[in-house]
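Chemist: Here is a sequence together with a model predicted from it:
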Amino acid sequence: ADINGNCRVDTGDILVIAQQWLEQAPVGSELSADLSGDDKVNFIDFGMVSEDWMTKAGIVINEIHYDPNVQTDLVEFVELYNNGGMPVDLSNWYFSDGFTYTFPAGTILEPDEYLVIGQDPSVILAKFGAACLGPFVGKLDNEGEAIVLRNAEGQKVDEVEGRGRGERLHS
């Protein structure tokens, strides 16, 4: 039910539904609010949005590799996962807390795919055999910190927070 493509089901999606419902705009448009596929915008579509209200659509921080065995190895990384049903354009998305990295234009994460952002991509490729984006600026705090992913508009998409060494990170 993320009609406007900002990776959240929020008031922006309600505005699209309201506009298309009141104006009876063509449902074949790029931002069609006809979620039910019945060729009209009505309470059924509104209900579908309300079911998903304020949920995250698609991209989550899936894994964090911090505190490497060899402290001088630049192998820290964060892995994203697209658990949604549509590709997501990550152009100009960024990490605002934990470390600094902005995704280059044209970065697309397909459904059910992973993307790694690393401290030093060449070292990560050599050590783990995983291609990744990067480098990111900074170092992950091994004692726990918040890592925040934001979309190009600055809206928080996902956040994980470590509570200290050895404890599970959660979102």
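Modeler: Yes, it's here.
Chemist: The protein: strands as residue ranges?
Modeler: 59-65, 77-82, 88-89, 94-97, 101-102, 108-109, 114-118, 146-150, 156-161 (DSSP state E).
Chemist: and of those strands, who's closest to N4?
Modeler: N4 lies closest to strand 88-89 among the strands of the chain, at 13.0 Å (Cβ to Cβ). (Each C-beta comes from the backbone N, C-alpha and C, glycine too.)
Chemist: count of residues packed around Q155?
Modeler: 13 (other Cβ atoms under 10 Å).
Chemist: Residue numbering should commence at 39 henceforth.
Modeler: That works, and once the first residue is 39, the last one we named lands at Q193.
Chemist: partner residues bridging the residue most central in space within the chain?
Modeler: Nearest to the geometric centre of the chain sits I97, at 3.1 Å (Cα atoms, centre = their mean). When bridges are called by DSSP bridges, I97 pairs up with N120.
Chemist: Let's have the strands of the chain in a markdown table, adding distance to I162 and mean pLDDT.
Modeler: As requested, the strands of the chain are exported to a markdown table (distance: least, Cβ to Cβ, whole Å; pLDDT from 0 to 100):
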| stretch | distance to I162 | mean pLDDT |
| --- | --- | --- |
| strand 97-103 | 9 | 87 |
| strand 115-120 | 6 | 92 |
| strand 126-127 | 22 | 90 |
| strand 132-135 | 16 | 91 |
| strand 139-140 | 14 | 96 |
| strand 146-147 | 18 | 94 |
| strand 152-156 | 4 | 94 |
| strand 184-188 | 17 | 90 |
| strand 194-199 | 19 | 85 |
